[in-house]
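J.: heads up, no residue letters with this:
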């Protein structure tokens, strides 16, 4: 299967109704997705865990998300997209409610482990729905719309978190559970139900499918590097602001501008010159913009400089995230699309494990300049390998 480049990019209103519904539903869910930064606080302050114990629990959560995504991919191809999304969201709601009600550390640990095991279930079917109902040329716009909506909702989530935290941290988990259920209801009522692709095509699902596809494994390797850069960016920015003697609260302004950039820059996807480039040429530009923004982080000494850097790396994200999913969706046989997207998504679980170590060690070793120069060099390397990756994948 090949990746079509197309000559037109639809606007938001031109996307299929199923995509628009899914974007809205996931944005509703994202409004409550602000609990993870507060989880360690609940474990230590309210349940008596040491900082080291809280770190181990968070590591347990990160590791549990890896099989969660694989399970979500298998369910999406066997059970169907809609039921799998609902299962994942309801599982998250149950886990978040359990955390909110836990009065013993062991109970909270079990709830966190369950949350990790269900946390990523709905991601592969959500991504697969977009691929199912859009033409290849329309997928970058559709995936980009999903990313932009979730980024905008994340900004609103921060405001909600600030308001609710005054009532007590447990209420954050209650609201997160409520938004998961609200998203599940929206999906259940309005998303069309379709037969699982493997059933519809009469193609049996095999557990090893995808892992034997060297093209997918190449995308996984490249995606893991990118995801590690991205997670290092999110984790390293607050530490860099502290190192530059800036208030840590400024990270909210930086991330808010990043989300605004992702939303406001959506029309760039439809620029004619950009449409004339193939997918990998666009991704090369994206990695170059990302590298420029990362390098700017290393030399920024005031808020204005960090904000300018955020615009650069956010424009890079705009071009990269949507097209990576587009490539993976096009590589996958239709009956295995959920599993392919799940395997590719493992990159984020790996990155969540590696990035904290990378960010803290590089900062301790030589400060922000080494951290962000290293990240920029990795982004430049990814830009350089795009022509070779295109030939290896054998796509236009």
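T.: Thanks, I have it. Source: prediction; values computed, not measured.
J.: Output the contacting helices and strands for the helix or strand containing residue 375.
T.: Assessed by DSSP states H and E, residue 375 sits inside helix 368-393. Helix 368-393 sits against helix 214-243, helix 279-299, helix 303-331, helix 337-366, with contacts defined as 3 or more C-beta pairs under 8 Å, 6 or more residues apart in numbering; DSSP states H and E. To be clear about C-beta, it is placed using only N, CA and C from the backbone, and glycine gets the same treatment.
J.: now for these, which one comes closest to residue 373?
T.: For residue 373, the closest of the helices and strands packed on helix 368-393 is helix 279-299, at 5.4 Å, according to C-beta to C-beta.
J.: in that closest one, what's buried?
T.: 279-280, 282-298 (16 or more other C-beta atoms under 10 Å).
J.: Same question for stretch 15-32.
T.: Result for stretch 15-32 [16+ other C-beta under 10 Å]: buried residues 15-16, 18-23, 25-32.
J.: where in the stretch 251-396 of the chain is pLDDT low?
T.: Scanning the stretch 251-396 of the chain for pLDDT under 70 picks out 395-396.
J.: so who does the nearest residue to residue 122 once chain neighbours are set aside touch?
T.: Nearest in space to residue 122, with sequence neighbours left out and distances taken as C-beta to C-beta, 6 or more residues apart in numbering, is residue 88 at 3.4 Å. Residues in contact with residue 88 (C-beta atoms under 8 Å, 6 or more residues apart in numbering) are 72, 118-123, 125.
J.: any idea how far residue 88 is from residue 220?
T.: 21 Å (C-beta to C-beta, to the nearest Å).
J.: The closest residue to residue 70 other than its chain neighbours: what's it in contact with?
T.: Nearest residue to residue 70, sequence neighbours excluded (C-beta to C-beta, 6+ apart): residue 342, at 5.2 Å. Residue 342 is in contact with 69-70, 72-74, 76, 123-124, 210, counting by C-beta under 8 Å, 6+ apart.
J.: how about these in a markdown table, adding distance to residue 131?
T.: Below are the contacts of residue 342 laid out as a markdown table (distance: C-beta to C-beta, whole Å):
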| residue | distance to residue 131 |
| --- | --- |
| 69 | 16 |
| 70 | 18 |
| 72 | 15 |
| 73 | 12 |
| 74 | 17 |
| 76 | 11 |
| 123 | 13 |
| 124 | 10 |
| 210 | 14 |
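J.: can you name the two of those that are farthest apart?
T.: 123 and 210 (15.3 Å).
J.: Near the residue lying closest to residue 170 once chain neighbours are set aside, how many other residues are there?
T.: Nearest residue to residue 170, sequence neighbours excluded (C-beta to C-beta, 6+ apart): residue 100, at 4.6 Å. Using other C-beta atoms under 10 Å, residue 100 has 21 neighbouring residues.
J.: Now name the helix or strand holding residue 100.
T.: helix 81-101.
J.: relative to helix 337-366, how tilted is that helix?
T.: 40 degrees (axes from the mean of the first three to the mean of the last three C-alpha atoms, to 10 degrees).
J.: Following element in sequence after helix 81-101, please.
T.: helix 105-119.
J.: what's that following helix packed up against?
T.: Against helix 105-119 (3+ C-beta pairs under 8 Å, 6+ apart) you get helix 51-78, helix 81-101.
J.: if you compare these, which one is most tucked away?
T.: Burial of these is given as mean neighbour count (mean count of other C-beta atoms under 10 Å); helix 81-101 ranks first at a mean of 23.
J.: got the angle between it and helix 51-78?
T.: 160 degrees.
J.: Just give the nearest non-adjacent residue to the residue most central in space within the chain, would you?
T.: What sits nearest the mean C-alpha location of the chain, by C-alpha atoms, centre = their mean, is residue 348, with 7.3 Å. Using C-beta to C-beta, 6+ apart and skipping residues adjacent in sequence, the residue nearest residue 348 is residue 227, 4.9 Å away.
J.: the domain parsing of this structure - what is it?
T.: 16-205, 209-396 (automatic domain parsing).
J.: circling back to that earlier point, ok, and for the helix holding residue 375, which residues are buried?
T.: So, applying 16+ other C-beta under 10 Å, buried residues of helix 368-393: 368, 371-376, 378-380, 382-383, 385-386, 389-390, 393.
J.: any idea of the angle that helix forms with helix 214-243?
T.: Using the same axes, to 10 degrees: helix 368-393 against helix 214-243 is 170 degrees.
J.: related to what we said a few turns ago, which one of the contacts of residue 342 is nearest residue 53?
T.: Looking across these and measuring by C-beta to C-beta, the closest to residue 53 is residue 69, at 25.9 Å.
J.: Could you verify my assumption that that closest one touches residue 118?
T.: No. When contacts are counted by C-beta atoms under 8 Å, residue 69 is not listed as touching residue 118 (10.6 Å).
J.: sec struct for residue 212, please.
T.: coil (DSSP: H, G, I helix; E, B strand; the rest coil).
J.: That one: how many residues sit nearby?
T.: For residue 212, using other C-beta under 10 Å, the count is 9.
J.: switch to numbering from 261
T.: Fine by me, first position is 261 from now on; the one you just mentioned is residue 472.
J.: and it, how far is that from residue 603?
T.: Relative to residue 603, and taking C-beta to C-beta, residue 472 is found at 11 Å.
J.: now residue 476
T.: Residue 476 is 6 Å from residue 603, by C-beta to C-beta.
J.: Contact partners for residue 382?
T.: 332, 344-345, 347-349, 352.
J.: same thing but 6 Å
T.: 345, 348-349 (C-beta atoms under 6 Å, 6 or more residues apart in numbering).
J.: Repeat that for residue 483.
T.: If you count contacts by C-beta under 6 Å, 6+ apart, then residue 483 has 604, 607 around it.
J.: hmm, 8 Å instead?
T.: 584, 604, 607.
J.: What of residue 611?
T.: By C-beta under 8 Å, 6+ apart, the neighbours of residue 611 are 484, 487-488, 490-491.
J.: Thanks again, I'm all set now.
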